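Undergrad: got a predicted structure plus its sequence, pasted below:
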Amino acid sequence: MSENILTVENVVKTFGKFRALDGASLSIPKGCIFGIIGPNGAGKSTLLRIVTSLAHPDSGHVTVNGIDVEAYPRKALTGTGAIVDSPAFYPDLSARLNLDILSRGHGKKYRARREELAEYTGIASWLDHRVREFSLGMKQRLAITLALLPESHFVILDEPTNGLDPNGIVDIRNLIRNLGSDLGATVLVTSHMLGEIEKICSDLAILNHGRIAAQGPMEEILRRSPVTLIRATEPDRAEALLKGTFGPRILSIRRKEDDAAVLRVETETECAAELNETLVKNGFAVSMLENEPDRLERIFLELTGRESGVRNEVQS
Amino acid sequence: MILSIYHEIVKLASQKKHYIMLIGFAFLVFLMILIFRHIHEDLQKASGDMVKQMPFYLQLIAPDPVKLCDGLMFSRFTGYILFWVVMPIFAFMFAGESIAGEQQDGTLRVYLSRGFSRTKIVIAKFIAVFAVILFYSMVFAALTMLIGITFFGLSKMQITLFWGNPGDPSQMGTIGLVTAKRAIFAYFASALYASFAISSISSVSFMISVFVKRMSVAATGGMVFFFVSFILQAVFSQYAKEIEPFLITRVMEGYSQIYAIEAVDWSSIAKSVSVMCIYWAVCVTTPVVVLNIKEY
């Protein structure tokens, strides 16, 4: 059995002259909550469609659990539950019937799992209600339940918090985060909402222009060129001191756009403590020293926005 | 497969179209009752004159023509409109809905993303549409007969009808009498045949539904095909002799023949069934192929 639940190798997909995926490669280890982020048109949906055999790649390979999706789609996708795009159900049927029909589940064991999962996702008391009566948040819960049925261990969710109110976002976020630990499922989530991805996922891939711009554990990606915000006396002298002391370990020092008294220090590796020590030892009073928030947004923009100019499309 | 067919039937059964269908049926029956009452009254007024004009053998066995115009005759007349006009329209809607409707609602993607056999999906959908058509054909036939008998009674002898072909002197209209039991059997046999014929007609919508994203387009496409076929057969058949045997409306002719009771031309029925099979084969195979290669 493969250690990775999903492997994508050099997948190319074109629509006319547009290259939606341009040699995308990634692998998702079993048991993680994996996020894919990317600007509009980066190829997220196309990638999900290829993974779920809704579309065929021009070249490259996709394997789920070590089985080629193109060659054996049924075998590969057994045990995979996917909600691509917004959750779609039969509005005039009950939630229970929707789950039965869309998962093709049957039998005593299936019914027991259905009830158990409905309890877990918080829709147990709504199973006999028609889906027409469901709010968007309830539909997302139903979609997650469906994705886990009949025996799914790999769940693919496309923009699961889209259109939800803040309470709904928190609920769905907690639900997805616990899927791995409680049910042993591997989850693949795509989203535009970088803050959500940062809070939910253990691993991350950034997709840009049909290619994977970065991939790895979330902590590792966030550790890339960290930025420390420092408010110290005499910022000009402090800047010169830090440059002289740390040399090439400092990638850049700039003034914060909205507060010129604050130094924005971009370093190769995390070294906030060393920066603080150097300044204090040299007689500077440091009134503030913190890691720059929205790190993922900054990394995302560095890898995507600066090239494509899509900053305004990003919601954090 | 049985589970898939069951699920497809559940989906079809949950649709609101059924209410429209039931209202349409009720309205048709209501209108036919009004019309049939008038026919009854006219027959009663002209009863004596009619008997004089009837063939000698009919005068002997049916001295009262009003009695021949009974509940079963009502249901046969109503069935004619029901199976030629009303049922095909609803069949187009159900068949058009089956794939295009799901594509429109996004549920088809959910299905296909789970790796279920696409061939099975198409076949289950087609069988479900046929099951719904069969169900409504038989239920509507039974209901119409019951309503007819309730309003107009049931006479022991039933008149057979064969309209003939005005353009073909060798196929003159004929008239005769059979027992009520035989007429009822023929009536349900014709309803059964009609359900098969309607399913082959609706398979055109079924086939179109795999290419389009809107069920209304698929349903309309089937209707257009049906009416064009109808016009070709009714008006231009002498100019289209090569394609005439394959026209979709041709398969419905078997219904009229079985319904006429006495004048069943079994070789013609066999030809119609063959044409039905061609439509089924083409219109089910195409969605199977397309669904297996198309991207969603």
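TA: Thanks, I have it. Because the structure is a prediction, the values reported are computed rather than measured.
Undergrad: what ranges do the helices span in chain B?
TA: Listed in chain order, the helices of chain B (DSSP state H) span B:2-13, B:17-45, B:47-53, B:56-61, B:65-68, B:71-81, B:87-96, B:102-105, B:107-112, B:118-152, B:180-209, B:215-234, B:253-259, B:266-293.
Undergrad: looking at those, which is closest to A:D258?
TA: helix B:107-112 (44.4 Å; C-beta to C-beta). (Each C-beta comes from the backbone N, C-alpha and C, glycine too.)
Undergrad: contact partners of that closest one?
TA: Helix B:107-112 is contacted by residues A:52-54, A:82-85, A:88-90, A:102, A:146, B:99, B:102-103, B:118, B:121, B:291, B:296 when judged by C-beta atoms under 8 Å, 6 or more residues apart in numbering or on different chains.
Undergrad: check stretch B:269-286 too.
TA: The contact list for stretch B:269-286, computed with C-beta under 8 Å, 6+ apart, reads B:122-123, B:126, B:193, B:196-197, B:199-201, B:203-204, B:206-207, B:210, B:245-246, B:248, B:250-251, B:253-254, B:257-258.
Undergrad: next: stretch A:282-299.
TA: For stretch A:282-299, the external contacting residues (C-beta under 8 Å, 6+ apart) are A:37, A:194-195, A:197-198, A:204, A:206, A:214, A:221-222, A:224-234, A:237-238, A:241, A:262, A:264, A:272, A:275-276, A:279-280, A:314, A:316.
Undergrad: on that earlier part again, now mean neighbour count too, for the helices of chain B, in a markdown table please.
TA: Compiled in a markdown table, the helices of chain B are given as follows (neighbours: other C-beta atoms under 10 Å in any protein chain shown):
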| stretch | mean neighbour count |
| --- | --- |
| helix B:2-13 | 17 |
| helix B:17-45 | 14 |
| helix B:47-53 | 11 |
| helix B:56-61 | 11 |
| helix B:65-68 | 18 |
| helix B:71-81 | 22 |
| helix B:87-96 | 26 |
| helix B:102-105 | 20 |
| helix B:107-112 | 22 |
| helix B:118-152 | 20 |
| helix B:180-209 | 23 |
| helix B:215-234 | 19 |
| helix B:253-259 | 21 |
| helix B:266-293 | 15 |
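Undergrad: quick one: which helix or strand includes the residue nearest the centre of chain A?
TA: Centroid-nearest residue in chain A, with C-alpha atoms, centre = their mean: A:G35, separated by 2.2 Å. In the assignment (DSSP states H and E), A:G35 maps to strand A:33-37.
Undergrad: look up the closest residue to the closest residue to chain B within the stretch 201-316 of chain A, ignoring the ones flanking it.
TA: The stretch 201-316 of chain A approaches chain B most closely through A:G210 (16.4 Å), counting by C-beta to the nearest C-beta. Nearest residue to A:G210, sequence neighbours excluded (C-beta to C-beta, 6 or more residues apart in numbering or on different chains): A:D22, at 3.6 Å.
Undergrad: swap in B:L28?
TA: Nearest one to B:L28, counting by C-beta to C-beta, 6+ apart, is B:V86 at 5.9 Å.
Undergrad: distance check, the one you found against chain A.
TA: Distance from B:V86 to chain A, counting by C-beta to the nearest C-beta, to the nearest Å: 23 Å.
Undergrad: thought that residue was touching B:I23?
TA: No: using C-beta atoms under 8 Å, B:V86 is not in contact with B:I23, being 11.0 Å away.
Undergrad: is A:R130 in a bridge, and if so with what?
TA: A:S94 (DSSP bridges).
Undergrad: assumed A:L26 was part of a strand.
TA: Yes: judged by DSSP: H, G, I helix; E, B strand; the rest coil, A:L26 forms part of a strand.
Undergrad: contacting residues for it?
TA: With C-beta under 8 Å, 6+ apart, A:L26 has these contacts: A:L6, A:T7, A:V8, A:I36, A:A205, A:I212, A:Q215.
Undergrad: wasn't the fifth one part of a strand?
TA: Yes: assessed with three-state DSSP, A:A205 lies in a strand.
Undergrad: can you give me the pLDDT of it?
TA: With respect to pLDDT, A:A205 has a value of 88.
Undergrad: repeat for the last one
TA: Here, the pLDDT recorded for A:Q215 equals 85.
Undergrad: correct me, but it touches A:A205?
TA: Yes: using C-beta under 8 Å, A:Q215 is in contact with A:A205, at 4.2 Å.
Undergrad: so these two - more neighbours on which side?
TA: More neighbours surround A:A205 than the other of A:Q215 and A:A205, with 26 against 18 (other C-beta atoms under 10 Å in any protein chain shown).
Undergrad: what about A:I299, how many residues nearby?
TA: 23.
Undergrad: B:C69 too?
TA: Neighbours around B:C69, by other C-beta under 10 Å: 21.
Undergrad: that one touches B:H40, doesn't it?
TA: Yes: between B:C69 and B:H40 there is a contact at 6.0 Å, judged by C-beta under 8 Å.
Undergrad: and chain A, which residues reach chain B?
TA: Residues of chain A lying close to chain B by C-beta under 8 Å from any C-beta of the partner chain are A:49, A:52-56, A:73-78, A:80-86, A:88-90, A:92-93, A:97, A:100-104, A:106, A:146, A:156.
Undergrad: could you measure from the closest residue to A:D128 other than its chain neighbours over to A:A143?
TA: Leaving aside its sequence neighbours, A:D128 sits nearest to A:S94 (C-beta to C-beta, 6+ apart; 5.3 Å). Using C-beta to C-beta, to the nearest Å, A:S94 is found at 15 Å from A:A143.
Undergrad: these two - which one has more neighbours?
TA: The residue with more neighbours, out of A:S94 and A:A143, is A:A143; 26 against 17, by other C-beta under 10 Å.
Undergrad: pick out the residue of the stretch 151-300 of chain A closest to chain B.
TA: Relative to chain B, the nearest point of the stretch 151-300 of chain A is A:I156 (7.9 Å; C-beta to the nearest C-beta).
Undergrad: repeat that for the stretch 101-250 of chain A.
TA: For the stretch 101-250 of chain A, C-beta to the nearest C-beta, closest residue to chain B: A:I101, 4.5 Å.
Undergrad: what about that residue, how many residues nearby?
TA: Count around A:I101 with other C-beta under 10 Å applied: 23.
Undergrad: does anything pack onto the strand or helix carrying it? Which helices or strands?
TA: Assigned by DSSP H and E, A:I101 belongs to helix A:95-103. Judged by 3 or more C-beta pairs under 8 Å, 6 or more residues apart in numbering or on different chains; DSSP states H and E, the packing partners of helix A:95-103 are helix A:108-121, helix A:136-148, helix B:2-13, helix B:107-112.
Undergrad: returning to what we had before: now the residues of chain A next to chain B: which count as buried?
TA: A:49, A:52-55, A:73, A:76-78, A:80-85, A:88-90, A:93, A:97, A:100-104, A:146, A:156 (16 or more other C-beta atoms under 10 Å in any protein chain shown).
Undergrad: now the residue of chain A most remote from its centre, what's its secondary structure?
TA: Distance from the C-alpha centroid of chain A, by C-alpha atoms, centre = their mean, peaks at A:G283 (43.3 Å). Put simply, A:G283 is coil when judged by three-state DSSP.
Undergrad: swap in A:V189?
TA: The three-state assignment at A:V189 reads strand, by three-state DSSP.
Undergrad: quick one, what contacts it?
TA: Each residue near A:V189 by C-beta under 8 Å, 6+ apart is listed here: A:I33, A:F34, A:G35, A:I36, A:L157, A:P160, A:I176, A:I197, A:I200, A:C201.
Undergrad: can you put the residues you listed in a markdown table and add pLDDT?
TA: Shown next, in a markdown table, are the contacts of A:V189 (pLDDT from 0 to 100):
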| residue | pLDDT |
| --- | --- |
| A:I33 | 90 |
| A:F34 | 91 |
| A:G35 | 90 |
| A:I36 | 90 |
| A:L157 | 87 |
| A:P160 | 82 |
| A:I176 | 84 |
| A:I197 | 83 |
| A:I200 | 85 |
| A:C201 | 87 |
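Undergrad: can you tell me which of those residues are buried?
TA: If we count by 16+ other C-beta under 10 Å, the contacts of A:V189 have these buried: A:I33, A:F34, A:G35, A:I36, A:L157, A:P160, A:I176, A:I197, A:I200, A:C201.
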